[in-house]
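> Model the structure of this input:
(one chain, ligands or ions: 1)
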Amino acid sequence: MAAPAAKPHLVFFPFPSQGHVTPAFQLARLLHHCHGFDVTFVHTEHNRRRLLRARGPGALAGAPGFRFAAVPDGLPPSDEDAARDVAALLLSLPTMVPHFKELVLSLSELPAASCRRCLLVSDVDPILRAAQEIGLPCVTFWITSANSYMAMDQVRHLVAKGLVPLKDAEQLRDGYLDSTVIDGAPGLPKGMRLRDFPSFIRTTDPDDAVLALTLRLTECLRTVPSAVVFHTFEELESQVISAMSDILPPIYAIGPLPLLLREAGAGDHAASTSAGSSLSKEDRACLDWLDGMRPNSVVFASFGSLVKLSGEQLAELAWGLAGSGYEFLWVIRSDQQATGGAAVLPPEFLAETEARGRVTSWCPQEAVLRHQSVGAFLTHCGWNSMLESICVGVPMLCWPFAADQQTNSRMACTEWRVAVELSEDPGREEVEAAIRQVMGGGRGEELRRSATEWKDKAALAARPGGSSWVNLERVVNEVLAPLM
Ligand code: UDP
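Numbering: from 1, shown residues only. Reported below is the predicted structural model:
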């Protein structure tokens, strides 16, 4: 009898920031745990050091059939914050290409069962193109929403129509982005404003490097990978997912991954939750603090792993939280705490809110959102944060800053109706009023009802037989099996 075909060895190479590493790690765990794939999960040297600092050697211990590798990235070892500077990260990517190629070659030295065929799973343009060059099959795991991807793909059309780059600095002000409506983009809702498109369009420079990278990246996704997996679920983004089939290689919606992992029985394993890939040390004591609060009484404010608020924005948010009268848990990352500790905050604010507020530098966010005391989430609209909130039915206040966040905010506020939108640079009165709106009253109830409906749909999608569960099996059978 012929021996069963060996499964391809999966090489995961995510863009090296927290919001990409976490879901890539979750998908890798799922394919390893449920479908028996061997995995090499690639970190950058910088992130490897951060993982070791945050969680000790156990963070990279791996398991049978699941190993970690690291490639040099050229970022200064002494600079903790380098990996939070998106421009520095983008520039570091091409330097990793030769190291990635060496790594792929070295996989042929693994025990035979582990290395029969390799397949790359990546969202990094230069790495995908390098794979194509050396004949390595590849799939993209795209970790932002399908709607925001479509909005990003539309940038080429906005450029062709002469709308982008913007004509002058005036267009960046005076409501031009708010009042210019772009209808007719496939699958995107009617009434999308220029403001709702990825922030990369907010330039007047025809040679803008990030705009050029955006165009290059969408071209790469259309032509290089043999499939694109989106971290979403069909029910949430059905319209745009069907429109996307004309633009991209075969696409599969698989998410929310934290729920799929739990359904697969891999959710309680430390390495399977976001904790397994957290690049910063988590303050788990904030969960004890939440235990002491009443259900739905706490506003959770967190801006992901990269966004930095200005001193003025921090102060306005602080006084907005204070003025709302609600309890709050607020993540201010250490790289944001320029002068150390919570010293960036006005001392009078700290004194006034001592009994009902807690500031931390990094928390186990998924567990925080799941906690019954959390009543609303003030978020920068990073896609992981939004999905984590949708999974547990927590309504949001959207304060998007950059990249895909504007599109996510638009969808959550006007299409899914689980959030209220703050203006571009909200003052304390606006923050305070929005918190009151979401935490109490008729609008709050409406949002909570929609959020609960989406939570139930997400749970169904992740269950055996649900759309995401089935799509995961389809990826295995339609994309990976042909390589076996
Ligand atoms: N996160 C966390 N603890 C924190 C703040 C954020 O674990 O204190 C996690 C959060 O749960 C999410 C990720 O960091 O999984 C941030 O990704 P997201 O896409 O929301 O934003 P990005 O960092 O990419 O802007």
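> from the stretch 51-200 of the chain, which residue is nearest to the ligand?
Using Cβ to the nearest ligand atom, the single residue of the stretch 51-200 of the chain nearest to the ligand is Ile143, 7.2 Å away. (C-beta placed from N, C-alpha, C; glycine too.)
> Quick check: phi and psi at that residue.
Here is the backbone geometry of Ile143 (degrees, to the nearest 10): phi -100, psi 10.
> need the contact list for it.
14, 19-20, 23-24, 123, 231, 383-384 (Cβ atoms under 8 Å, 6 or more residues apart in numbering).
> Packing partners of the host helix or strand of Ala458?
Element membership for Ala458, per DSSP states H and E: helix 441-462. Secondary-structure packing of helix 441-462 (3 or more Cβ pairs under 8 Å, 6 or more residues apart in numbering; DSSP states H and E): helix 234-244, helix 257-263, helix 383-392, strand 419-421, helix 428-439, helix 467-474.
> right, and the helix or strand after the third one?
Sequence-wise, the next helix or strand downstream of helix 383-392 (DSSP H and E) is strand 396-398.
> hmm, who's touching that next one?
Counting by Cβ under 8 Å, 6+ apart, 376-379, 381, 386, 389, 408-409, 412-413, 418-422, 431, 434-435, 438 sit against strand 396-398.
> What of stretch 405-420?
Taking Cβ under 8 Å, 6+ apart as the rule, stretch 405-420 contacts 144-145, 147-148, 151, 189, 191-193, 195-199, 236, 380-383, 386, 389-390, 395-398, 400, 421, 434, 437-438, 443, 446-447, 450-451, 454.
> Among those residues, name the buried ones.
144-145, 147-148, 151, 192-193, 195-199, 236, 380-383, 386, 389-390, 395-398, 400, 421, 434, 437-438, 447, 450-451, 454 (16 or more other Cβ atoms under 10 Å).
> Now the closest residue to the ligand within the stretch 1-150 of the chain: phi and psi?
Closest residue of the stretch 1-150 of the chain to the ligand, Cβ to the nearest ligand atom: Gly19 (2.1 Å). Main-chain dihedrals, Gly19, degrees, to the nearest 10: phi -70, psi -20.
> I'd assumed Phe303 was in contact with it.
No. If you go by Cβ atoms under 8 Å, Gly19 and Phe303 don't touch, sitting 11.4 Å apart.
> Compare the two and say which is more crowded by neighbours.
Using other Cβ atoms under 10 Å, the more surrounded residue of Gly19 and Phe303 is Phe303, with 24 against 20.
> quick one, what contacts that one?
Phe303 sits next to 309, 331, 333, 379-380, 399, 401 when contact means Cβ under 8 Å, 6+ apart.
> what do you get for His32?
38-39, 63, 65-66.
> now do Glu327
293, 297-299, 356-357, 373 are the contacts of Glu327 under Cβ under 8 Å, 6+ apart.
> Any chance of a ChimeraX selection covering the buried ones in the contacts of strand 396-398?
To isolate the buried members of these in ChimeraX, using 16+ other Cβ under 10 Å:
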select :376,377,378,379,381,386,389,408,409,412,413,418,419,420,421,422,431,434,435,438
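> ok so, going back, what's the angle from the helix holding Ala458 to helix 234-244?
Put simply, helix 441-462 runs at 70 degrees to helix 234-244, going by axes from the mean of the first three to the mean of the last three Cα atoms, to 10 degrees.
> and for helix 441-462, what are the contacting residues?
Outside helix 441-462, the residues touching it (Cβ under 8 Å, 6+ apart) are 233-236, 255-256, 259-260, 262-263, 376, 387, 389-395, 416-420, 437-438, 466-469.
> Which residues of this protein lie near the ligand?
17-19, 22, 274, 278, 302, 304-307, 331, 362-363, 365-366, 382-385, 388 (Cβ under 6 Å from any ligand atom).
> In helices, which of the residues you listed appear?
The members of the residues of the chain next to the ligand that map onto helices under DSSP state H are 18-19, 22, 365-366, 383-385, 388.
> would you turn these into JSON lines with distance to Leu217 and pLDDT?
Shown next, in JSON lines, are these (distance: Cβ to Cβ, whole Å; pLDDT from 0 to 100):
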{"residue": "Gln18", "distance to Leu217": "19", "pLDDT": "94"}
{"residue": "Gly19", "distance to Leu217": "16", "pLDDT": "95"}
{"residue": "Thr22", "distance to Leu217": "20", "pLDDT": "95"}
{"residue": "Gln365", "distance to Leu217": "27", "pLDDT": "96"}
{"residue": "Glu366", "distance to Leu217": "28", "pLDDT": "94"}
{"residue": "Trp383", "distance to Leu217": "16", "pLDDT": "98"}
{"residue": "Asn384", "distance to Leu217": "19", "pLDDT": "97"}
{"residue": "Ser385", "distance to Leu217": "22", "pLDDT": "98"}
{"residue": "Glu388", "distance to Leu217": "25", "pLDDT": "97"}
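> Can you pull the domain assignment for the protein?
Following automatic domain parsing, the chain resolves into domains at 9-149+208-278+462-483, 285-363+372-459.
> Dump those domains into CSV; add distance to His157 as well.
Output for the domains of the chain, formatted as CSV (distance: least, Cβ to Cβ, whole Å):
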stretch, distance to His157
domain 9-149+208-278+462-483, 11
domain 285-363+372-459, 15
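> The ones you listed: lowest mean pLDDT?
Ranked by mean pLDDT, the domains of the chain bottom out at domain 9-149+208-278+462-483, with a mean of 88.
> and the end-to-end length of it?
10 Å (Cα to Cα, to the nearest Å).
> Report the distance from that domain to the chain centre.
How far domain 9-149+208-278+462-483 lies from its chain's middle: 12 Å, per Cα atoms, centre = their mean, to the nearest Å.
> returning to what we had before: most surrounded residue in the contacts of Phe303?
Counting by other Cβ under 10 Å, top hit in these: Thr379 with 29 neighbours.
> if I pick it, what's in contact with it?
Thr379 sits in contact with 301-304, 385-386, 389, 396-399, where contact means Cβ under 8 Å, 6+ apart.
> now Val71
Val71 is in contact with 42-45, 96, 99-100, 103, counting by Cβ under 8 Å, 6+ apart.
> what do you get for His231?
23, 27, 141-144, 254-257, 383-384, 387.
> could I get these as CSV with distance to Arg222?
Formatted as CSV, those follow (distance: Cβ to Cβ, whole Å):
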residue, distance to Arg222
Pro23, 22
Leu27, 22
Phe141, 16
Trp142, 12
Ile143, 18
Thr144, 16
Ile254, 20
Gly255, 22
Pro256, 26
Leu257, 25
Trp383, 21
Asn384, 24
Leu387, 25
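> which residues touch Val331?
301-303, 359-363, 365.
> Likewise for Arg436?
Applying Cβ under 8 Å, 6+ apart to Arg436 gives the contacts Ser324.
> in the helix or strand harbouring Ala130, what's buried?
Element membership for Ala130 (DSSP H and E) is helix 125-133. Across helix 125-133, burial judged by 16+ other Cβ under 10 Å covers 125-132.
> Kindly report the same for stretch 206-214.
Buried residues in stretch 206-214 (16+ other Cβ under 10 Å): 208, 210-211, 213-214.
> and if you look at stretch 153-170?
For stretch 153-170, burial by neighbour count (16+ other Cβ under 10 Å) applies to 153-155, 158-159, 163-166.
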